[in-house]
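1. 3D, please:
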Amino acid sequence: MATVAAEVLQWGWERARAGPWRGDGRIAYLAPLAPAGAPSVDFLNRCLDSLAARGFEEVVTSALAPAEQSGFRALGFEVYERLHLLSHDLKDLPRMPEVAVPLRRGKTSDWPAVLDVDAGSFAPFWRLDDEGLREAIEATPVSRFRVASPRRGGSVVAYAVTGLSGTQGYLQRLAVHPAHRRSGLGQALAIDGLRWLRRKGIAEAVVNTQLGNDPALQLYLSLGFREEPIQLAVLHRRVG
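-> Sure, this is the predicted structure:
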């Protein structure tokens, strides 16, 4: 059973981040790292050999654009889930809604409550653990971690992670506790992140969401995101 933490696998100029998927020692994730481009079959074979040697039985990829999938497909990876890809030019942003629960900077001490919100918002396969939340926050060189939490005690009821890398912005994670949905918190956290990106001089932000997650899709469209013509895909195969 694999117990290794996330690491960067590199051969030549090609690199990918790999580690246990959501703390599951049987399943690895494999995420190609820019600016190498689409990973080669030789590189992916080396990655699979490395993951097999560490005891993993299955592997899933990060969300890949069609141009990034060819090497994976050649090695028998199949689609696990398809995702909408949406973009926003950050020129016209909605006004911040008035919400009953204020927003503030997220802290490490908020993590247990944040993970409870996450668990109530996503199917088991997509739920974050401690390492997954850490990676979401550290996935880009600069990030913004915000939570919605009552001023007088009470736990976190919603959170968002926004990041930027180079000239590209990302709305990386957004979740609202089921009891606090339709309260404007998701909209407020998303707009907060988009405004932060614009203040940083970023011209475009992207977000993805699973096909079939219509509430999330409608939220992003209402904020001015536009659905891109391409879809992303998470791919999967057994190791070995």
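
2. Let me know the average pLDDT across stretch 103-120.
-> Averaged over stretch 103-120, pLDDT sits at 96.

3. which residues touch it?
-> 127-130, 133, 145-149, 155-159, 173, 175-178, 188-189, 192 (Cβ atoms under 8 Å, 6 or more residues apart in numbering). From N, CA and C alone the C-beta is placed, and that goes for glycine too.

4. So which bits of that stretch are buried?
-> Neighbour-count burial for stretch 103-120, counted by 16 or more other Cβ atoms under 10 Å, picks out 103, 106, 110, 111, 113, 114, 115, 117, 118.

5. hmm, back to that, now, of the contacts of stretch 103-120, which are buried?
-> The buried subset of these (16+ other Cβ under 10 Å) comprises 127-129, 133, 145-149, 156-159, 173, 175-177, 188-189, 192.

6. Which of the residues you listed fall within helices?
-> Using DSSP state H, the members of the buried ones among the contacts of stretch 103-120 that fall in helices are 133, 188, 189, 192.

7. could I get those residues as TSV with pLDDT and distance to residue 57?
-> Shown next, in TSV, are those (pLDDT from 0 to 100; distance: Cβ to Cβ, whole Å):
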residue	pLDDT	distance to residue 57
133	93	24
188	97	41
189	98	36
192	97	40
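
8. Among those residues, pick out the one closest to residue 12, please.
-> residue 133 (31.7 Å; Cβ to Cβ).

9. can you pull the contacts of that closest one?
-> 111, 114, 115, 118.

10. will you turn those into TSV that also has distance to residue 61 and secondary structure?
-> Shown next, in TSV, are the contacts of residue 133 (distance: Cβ to Cβ, whole Å; DSSP: H, G, I helix; E, B strand; the rest coil):
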residue	distance to residue 61	secondary structure
111	26	helix
114	25	helix
115	23	helix
118	21	helix
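
11. These: which two are farthest apart?
-> The widest separation within those (Cβ to Cβ) is 10.0 Å, between 111 and 118.

12. Under the pLDDT cut-off, which ranges of this structure? List them.
-> Within the chain, the stretches with pLDDT under 70 are 1-5, 36.
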